[in-house]
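K.L.:
with the sequence up front, the predicted model follows.
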Amino acid sequence: MLLPFSLDHINLWALSDGPGWAVVDTGIRSVDVRNAWLALLAPQGPLAGRPISRVIATHMHPDHVGMAGWLTRRFECALWMTRDEYLSCRVMLADTGREAPVDGVRFYRRAGWSDTEVDEYRTRFGDFGKMIHPLPDSFVRLTDGQMLRIGDQEWEVIVGTGHSPEHACFYSRELDLLISGDQVLPRISSNTSVYATEPHANPLQGWLDSIDRLMQRVPGSALILPAHNEPFHGLHLRLEQLRASTVRGTDRVRQQLVQPLRVIDLVRALYRSSIVAEQMHLNLATGETLAHLNYLDQRGEIVSAEDEDGAMRYRLA
């Protein structure tokens, strides 16, 4: 399914579920995606006119859950998600049309953003809801370790964190198949960010713990069906690569902190200028840099203090 971003598509999965289909992830809310769904669902389309029996969302990001409300209402079926993903999405949807909160402005000022960058944040605040149809008012909860029967197969729910609050992956032992969402991608590492709603969070530790969890619970022989790029084998090798990439990122941050630096200083030192220049990418780079800083802080490796401009400066302990 097409996406209007540099990462220009998302893979959606349809699992035979009795007379219908259980669909895993839905695409972003847009006219083009709706038309693509109508073509898929047509009697002569790839889904052969069979109804959607349930909508399963790996996590709350708009490319995954954007059309979930539209599909569940159209087919009068349930949305299946983990609780933290569902509730977090509902909270962010409620921000649509609101002014940017004082805590959010303070968060980015403490990161060292300029007045222009903070004003752009104010302008864009609440855009999340424009990419998602309203969710249904109830859902079916998914939990880690739950066995989910879909058609003739049993799928184990394996929860990961770091990229999102309670991301669900699905492993079929019979098929030796893992639907990994954004938790494991073949060519890129998913963004792992700290956000204004929880400024002291440590998502990087959750990301590393999730790598360990997947290593332990899914064999290396599994075929991986990711949300982006192509299906692949070699899960354990890819998990080790993701772990090594995370460690390298933390090392790069650590090496910069021989002098007190703001988050924005680290972003400019560690990311391409084209990323810093584009607001959405700056937001992601800021959150990811803070994830490394919070990880190091909670390990006692760095200290921080507020400067005269109200920005936090970090250095090695």
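P.N.:
Looks like it arrived, so ask away.
K.L.:
and the lengthiest helix in the chain, what other elements does it pack with?
P.N.:
Counting by DSSP state H, the longest helix found in the chain is helix 235-256. On a contact count with 3 or more Cβ pairs under 8 Å, 6 or more residues apart in numbering; DSSP states H and E, helix 235-256 meets helix 203-217, helix 263-270, helix 279-298. Placement of C-beta: from N, CA and C, glycine included.
K.L.:
what residues sit buried inside it?
P.N.:
Residues of helix 235-256 classed as buried: L235, R238, L239, L242, T246, G249, T250, V253, Q256 (neighbour count, 16 or more other Cβ atoms under 10 Å).
K.L.:
picking that back up, between the helices and strands packed on helix 235-256, which gets nearest to I150?
P.N.:
I150 lies closest, by Cβ to Cβ, to one member of those: helix 203-217, at 18.4 Å.
K.L.:
and the angle from the closest one to helix 279-298?
P.N.:
80 degrees (axes from the mean of the first three to the mean of the last three Cα atoms, to 10 degrees).
K.L.:
low-confidence bits of this protein, can you list those?
P.N.:
Low-confidence segments of the chain (pLDDT under 70): 274-277.
K.L.:
give me that answer again for 50
P.N.:
Low-confidence segments of the chain, defined by pLDDT under 50, are absent.
K.L.:
for it, which strand is longest?
P.N.:
Longest strand in the chain, counting residues (DSSP state E): strand 153-160.
K.L.:
return the distance of it from the chain's centre.
P.N.:
18 Å (Cα atoms, centre = their mean, to the nearest Å).
K.L.:
pick out whichever of the buried residues of helix 235-256 sits closest to G162.
P.N.:
Using Cβ to Cβ, T246 comes nearest to G162 of those, at 9.0 Å.
K.L.:
show me what contacts the closest one?
P.N.:
Shown in contact with T246 (Cβ atoms under 8 Å, 6 or more residues apart in numbering): S189, T192, L204, W207, L208.
K.L.:
go on, W37?
P.N.:
Here W37 is in contact with G27, M67, W70, L71 (criterion: Cβ under 8 Å, 6+ apart).
K.L.:
inside helices: which ones of the residues you listed?
P.N.:
W70, L71.
K.L.:
okay if I get the contacts of W37 as TSV plus distance to M215 and neighbour count?
P.N.:
Below are the contacts of W37 laid out as TSV (distance: Cβ to Cβ, whole Å; neighbours: other Cβ atoms under 10 Å):
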residue	distance to M215	neighbour count
G27	30	26
M67	32	27
W70	36	19
L71	33	21
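K.L.:
now the helices for the stretch 101-250 of the chain?
P.N.:
For the stretch 101-250 of the chain, applying DSSP state H, counting those that start in this stretch gives helices covering 102-110, 115-124, 203-217, 235-256.
K.L.:
and the ones you listed: which comes nearest R173?
P.N.:
Comparing those by Cβ to Cβ, helix 203-217 comes nearest, at 10.1 Å.
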